[in-house]
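Enquirer: sequence first, predicted model second:
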Amino acid sequence: MRITASLLLIVSSAKAFLTPSLSTHHLHHDAQSATQLFGGSSGYASSIAGKEARVQKVKDLLDASQMVFAVPAGGITVTESQNLRRSLPEGSAAMVTKNTLMARAVQGTEYAEATSLLKGPNMWFFIEDDIGATVKAYNSFMKDAGKAETHTILGGVIDGMAYDTEGILAIGKLPSKNELYAQIAGSIQAIPTKVARVIKAPNSKLARAIKLATMPEE
């Protein structure tokens, strides 16, 4: 009986070492998620070639952008990050990049002022076309996610000038491209109506001129 009990004790102890606990699994999963969000901490992403490729990708985005802005990356899950990217208008991109790589990418460009925002882990937004719609999309997403207060825009750069939170939010309130199109379309549609009103006005010089021009000669 003593030998059997001892064997059972040894087997149980071995299983405890061989079977990972649930908490360990969750920790490993969380670490993988964080690594995926922040661009990887090992393998190709951390190699010299991987870092150079990352810097070049950021440079390509900068070349095509009208404005960039940064937000806190901490607390954003991988799923939220993916959904946020999908919510952006066409021509806008979001990327989490290490500060050292971002600093190398903006060096010597009109976005060099972005180095003042390289504090802590950030997610960067690169806007090629529709600034207003991109800022609105980000703010709306974070509001729905319940993170509007903790993940407000930190600042950004446009035309070589750095803007703080209030500056970027003010720029974001400008009409989006689609809103401008709607305003222009509305103005064009209103032109014929306004012209007709002017012509029909009783005291209009244009109305009198048209009337005289169309009268038959005596």
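Expert: On my side now, so go ahead. Since the structure is predicted, the reported quantities are computational estimates derived from the model, not experimental observations.

Enquirer: so what does whichever strand or helix holds residue 81 touch, helix or strand wise?
Expert: Using DSSP states H and E, residue 81 sits in helix 78-87. Where contact means 3 or more C-beta pairs under 8 Å, 6 or more residues apart in numbering; DSSP states H and E, helix 78-87 is packed against helix 22-37, strand 92-96, helix 131-144. Every C-beta, even on glycine, is put in place using the N, C-alpha and C of the backbone.

Enquirer: mind running it again at 6 Å?
Expert: helix 22-37, helix 131-144 (3 or more C-beta pairs under 6 Å, 6 or more residues apart in numbering; DSSP states H and E).

Enquirer: got the angle between that helix and strand 92-96?
Expert: If you take axes from the mean of the first three to the mean of the last three C-alpha atoms, to 10 degrees, helix 78-87 sits at 160 degrees to strand 92-96.

Enquirer: picking that back up, just flag whichever of the helices and strands packed on helix 78-87 has the lowest average confidence.
Expert: Among the helices and strands packed on helix 78-87, helix 22-37 has the lowest mean pLDDT, at a mean of 46.

Enquirer: secondary structure element holding residue 179?
Expert: Residue-wise, residue 179 maps onto helix 177-200 under DSSP H and E.

Enquirer: spit out the contact partners of residue 99.
Expert: Residues in contact with residue 99 (C-beta atoms under 6 Å, 6 or more residues apart in numbering) are residue 118.

Enquirer: one more: residue 118?
Expert: 99, 103.

Enquirer: where does it fall, phi/psi-wise?
Expert: With angles defined as degrees, to the nearest 10, residue 118 sits at phi -80, psi 70.

Enquirer: what's the spacing between it and residue 107?
Expert: 12 Å (C-beta to C-beta, to the nearest Å).

Enquirer: ok, residue 173 next?
Expert: As judged by C-beta to C-beta, residue 173 and residue 107 stand 31 Å apart.

Enquirer: pick out whichever of these two has more residues nearby.
Expert: More neighbours surround residue 107 than the other of residue 173 and residue 107, with 12 against 9 (other C-beta atoms under 10 Å).

Enquirer: backbone phi and psi for the more buried one, please?
Expert: Backbone geometry at residue 107, expressed as degrees, to the nearest 10, gives phi -60, psi 130.

Enquirer: which parts of stretch 118-137 are buried?
Expert: 118, 121-128, 130-137 (16 or more other C-beta atoms under 10 Å).

Enquirer: that should have said stretch 47-67, apologies.
Expert: Quick answer for stretch 47-67 (16+ other C-beta under 10 Å): 50, 51, 54, 55, 58, 59, 61, 62, 65, 67.

Enquirer: beta partners for residue 161?
Expert: Applying DSSP bridges to residue 161 yields these beta-bridge partners: residue 158.

Enquirer: err, residue 72, not the other one
Expert: Note on residue 72: beta-bridge partners by DSSP bridges are residue 122.

Enquirer: number of nearby residues for it?
Expert: Per other C-beta under 10 Å, the neighbour tally for residue 72 reads 17.

Enquirer: again, but for the one 5 residues further on
Expert: Neighbour count of residue 77, defined by other C-beta under 10 Å: 13.

Enquirer: low-confidence stretches in the chain?
Expert: For the chain, applying pLDDT under 70 flags the ranges 1-42, 176-177, 180, 186-218.
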